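Asks: build me a structure from this.
(2 chains)
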There are 2 protein chains.
Amino acid sequence: MWKMLETLPANQSVPLRDVLTQIPWNADGLIPAIAQQYDTKEVLMLAWMNAQALRETLEKGRVCYWSRSRQQLWRKGESSGQIQELKEARFDCDGDTLLLQVDQTGPACHTGRRDCFYNLVQGDRVVVDQPVLIDPEALYGK
Amino acid sequence: MWKMLETLPANQSVPLRDVLTQIPWNADGLIPAIAQQYDTKEVLMLAWMNAQALRETLEKGRVCYWSRSRQQLWRKGESSGQIQELKEARFDCDGDTLLLQVDQTGPACHTGRRDCFYNLVQGDRVVVDQPVLIDPEALYGK
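Replies: Model prediction:
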């Protein structure tokens, strides 16, 4: 499938259902998904999906991941209210990564920061360069 | 380390060498790295790094991955000339993903497309919506 898509002329298409059967899931049955804010193009986070999470995300238009720590479906925002509305989904050239364009409500990160990539390498230091927007205790009611 | 960084006030820092010892490598000793074009904010690709690839990338300022298919260091552009100059590197909140801001020379994708995410889900179809910029045969001399 993926080799065939490599050589497909631009704007040609194939059925989604055929593509979904050809995803090279990893040993845990997962695929990484990058979430990018659709208008500002900030990369918000990377999380993982299993087949059920991907199917639900595409059907409902609201992003659902697989939580590796909790080993259950993770409907992004179900606890915090910080949901991700799906704007667009793309597979990469070998089908083993997803890029999602989303509209993120509030902070994407469980730390209450806008995105998860706040640990910036700067010379021989790592600097936390993003403020906490909402206290995690307020987000999760802890 | 990562829990400590979560609560570090903005603009505080820790030594990079300490962070590098705390990366939660996966079972294969790898971490996923997202490459984003630093000025246009296009997400170009996702690939993987081992400790040596990450160290080389940070030291030389030119992106080096670990090729899972070839099981060797993959100095991006070594065959094709389509290199990635590193502009910035960030770790996410739990340290298991890298976000790289890069300056990509020409196509990032081995198919000769600008980026790898050309397989767009559109309703019940998957559409190839990016043109090939350079014939892969020209890139790799096959």
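
Asks: from now on I want contacts and neighbour counts done on CA atoms only, so please keep to that.
Replies: Fine.

Asks: please give me every residue in contact with the residue sitting furthest away from the middle of chain A.
Replies: Ranked by distance from the centre of chain A (Cα atoms, centre = their mean), the top residue is A:Asp124, with 29.8 Å. Each residue near A:Asp124 by Cα atoms under 8 Å, 6 or more residues apart in numbering or on different chains is listed here: B:Pro15, B:Leu16, B:Arg17.

Asks: what about the second one, how many residues nearby?
Replies: Taking other Cα atoms under 10 Å in any protein chain shown as the neighbour definition, B:Leu16 ends up with a count of 16.

Asks: same check, this time on the last one
Replies: Neighbouring residues of B:Arg17 were enumerated by other Cα under 10 Å; the total is 11.

Asks: longest helix anywhere in chain A?
Replies: The residue-count maximum for a helix in chain A (DSSP state H) belongs to helix A:51-60.

Asks: just the mean pLDDT for it, thanks.
Replies: Across helix A:51-60, the average pLDDT comes to 98.

Asks: ok, stretch A:122-139 next?
Replies: The model assigns stretch A:122-139 a mean pLDDT of 93.

Asks: and it, how far out from the chain middle?
Replies: Stretch A:122-139 has its C-alpha centroid displaced from the chain centroid by 20 Å (Cα atoms, centre = their mean, to the nearest Å).

Asks: that stretch: which residues count as buried?
Replies: Within stretch A:122-139, the residues scored as buried using 16 or more other Cα atoms under 10 Å in any protein chain shown are A:Arg125, A:Val126, A:Val127, A:Val128, A:Asp129, A:Gln130, A:Val132, A:Pro136, A:Leu139.

Asks: swap in stretch A:8-17?
Replies: Buried, per 16+ other Cα under 10 Å, within stretch A:8-17: A:Leu8, A:Ala10, A:Ser13, A:Val14, A:Leu16.

Asks: adding distance to A:Leu98, write those residues out as JSON lines.
Replies: Below are those laid out as JSON lines (distance: Cα to Cα, whole Å):
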{"residue": "A:Leu8", "distance to A:Leu98": "19"}
{"residue": "A:Ala10", "distance to A:Leu98": "19"}
{"residue": "A:Ser13", "distance to A:Leu98": "17"}
{"residue": "A:Val14", "distance to A:Leu98": "17"}
{"residue": "A:Leu16", "distance to A:Leu98": "14"}
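
Asks: filter the residues you listed by proximity to chain B?
Replies: A:Leu8, A:Ala10, A:Ser13, A:Val14, A:Leu16 (Cα under 8 Å from any Cα of the partner chain).

Asks: which residue, other than its chain neighbours, is closest to the third one?
Replies: If the residues on either side of it in the chain are set aside, A:Ser13 comes closest to B:Val127, at 4.1 Å by Cα to Cα, 6 or more residues apart in numbering or on different chains.

Asks: cool, the first one as well?
Replies: If the residues on either side of it in the chain are set aside, A:Leu8 comes closest to B:Val128, at 6.9 Å by Cα to Cα, 6+ apart.

Asks: so A:Leu44 is in which element?
Replies: Secondary structure from DSSP states H and E places A:Leu44 in strand A:43-49.

Asks: between strand B:43-49 and that strand, find me the angle.
Replies: Angular relation of strand A:43-49 and strand B:43-49 on a 0 to 180 degree scale: 60 degrees, by axes from the mean of the first three to the mean of the last three Cα atoms, to 10 degrees.

Asks: hang on, the earlier thing: elements contacting the longest helix of chain A?
Replies: Helix A:51-60 sits against strand A:64-67, with contacts defined as 3 or more Cα pairs under 8 Å, 6 or more residues apart in numbering or on different chains; DSSP states H and E.

Asks: average pLDDT for the strand it packs on?
Replies: For strand A:64-67, the per-residue pLDDT averages 98.

Asks: is that strand in proximity to chain B?
Replies: No. Counting by Cα under 8 Å from any Cα, chain B is not contacted by strand A:64-67; separation bottoms out at 13.4 Å.

Asks: just the C-alpha atoms of that strand, please, in PDB.
Replies: C-alpha atoms of strand A:64-67 as PDB (Å, rounded to 0.1, in the frame of the first residue of the first chain):
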ATOM      1  CA  CYS A  64      -8.700  10.100  21.200                       C
ATOM      2  CA  TYR A  65      -5.300   8.600  22.100                       C
ATOM      3  CA  TRP A  66      -4.200   5.400  23.800                       C
ATOM      4  CA  SER A  67      -2.700   6.000  27.200                       C
END
